[in-house]
Structure formats: C-alpha cells, structure tokens
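> Any chance you can model this:
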Amino acid sequence: MSDPHHPEPPPRLFAVVELFGHQRIAGRISEQAFGGANFVRVDVPEIQVEETAWEEGERVVRTRVIQAHTRSFGAGAIYGINWCDETTAQIAARSIKHEPMQPYSVKAAIDWLPAEQRQRLLASPRGATRSLLDEDDGGHF
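Below is the predicted model of the structure:
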C-alpha cells in the first residue's frame, strides 16, 4: 500500500523518440508540466563520439564529448516513442549525436558574414554597424 506522505518515485523510463522532421533523440523520458501544458522531457546522457577527419592527407580520429542536456517536446512534435532499456537508449544517443542548443553568440554571427562585410563591420566606428548591415542586404544576415 502506498503512503500518501511518501509517494514512490516515478519509474525510470528510457526511449528513442522520433520527432516530426525526421529527427530522433534518445535518453531518459519523463513528463513535465510547464505553462499549463504537458511536455515529454528527454534527458540525453553525456556521450563520447569518435569523429574521423582528414588532415594533410592523413586520417585522424578524434574523440569528443557531447554534454548531457535536456529537451522538452509537445505531443504534436512526436511521431513515435520506442521504449527501451537504459543501455539501448545510451547506444542510440551515441549514434544520433544530438547536440545541446548553443546560446546565441555575436562572434558566431560575425563569423558567418561574408569576409568583406565582416571586415567592414569590424573596421567601422562604433554606432555605424546599422548602416553597414543595411547597405548590402537590408539589415538581414
């Protein structure tokens, strides 16, 4: 019999979640209420991935870490939920290589600009950036 003063913790559930747009994400699954709506919460585990690159004609294998992160999805974004055990979810997460969202970065936005526009922007006096951006593209990156 359950004790109302000491509720049992929710079960640990794991899955590979299929999202509309041919995307997948894997990890621990739970429900999350926010703003009066219910979401499916996916806690993606930290994983190590090996990536191969060619440098100066030689094959180089590097290992990098994708940090653990959490995503929440509304029911309308989910196409299917494939329930599995924790090990299977970790293997799937390693295969999927889902990256956490990166915070907006002005440096990344400037790096994205064509070289000529980036040079003009960085060389311009303070306050002149708006007109520099308006010249070529109507202020849109």
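> Pull up the pairing partners for the lengthiest strand in the chain, direction included.
In the chain, taking DSSP state E as the definition, the longest strand is strand 23-34. Strand partners for strand 23-34, identified by DSSP bridges, are recorded as strand 13-19 (antiparallel), strand 37-44 (antiparallel).
> who touches the first one?
Taking contacts as CB atoms under 8 Å, 6 or more residues apart in numbering, the residues outside strand 13-19 that touch it are 24-30, 40, 42, 73, 77-86, 88-89, 92, 96. From N, CA and C alone the C-beta is placed, and that goes for glycine too.
> mind listing the helices in this structure by residue range?
Along the chain, counting by DSSP state H, helices occupy 86-96, 106-112, 115-123, 129-137.
> These into CSV, with extra columns for mean neighbour count and distance to residue 69?
Shown next, in CSV, are the helices of the chain (neighbours: other CB atoms under 10 Å; distance: least, CB to CB, whole Å):
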stretch, mean neighbour count, distance to residue 69
helix 86-96, 17, 10
helix 106-112, 10, 18
helix 115-123, 12, 30
helix 129-137, 12, 32
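> quick one, which of the ones you listed is nearest to residue 11?
helix 86-96 (11.9 Å; CB to CB).
> Take the helices of the chain and write them to a markdown table, including mean pLDDT.
Shown next, in a markdown table, are the helices of the chain (pLDDT from 0 to 100):
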| stretch | mean pLDDT |
| --- | --- |
| helix 86-96 | 96 |
| helix 106-112 | 80 |
| helix 115-123 | 84 |
| helix 129-137 | 50 |
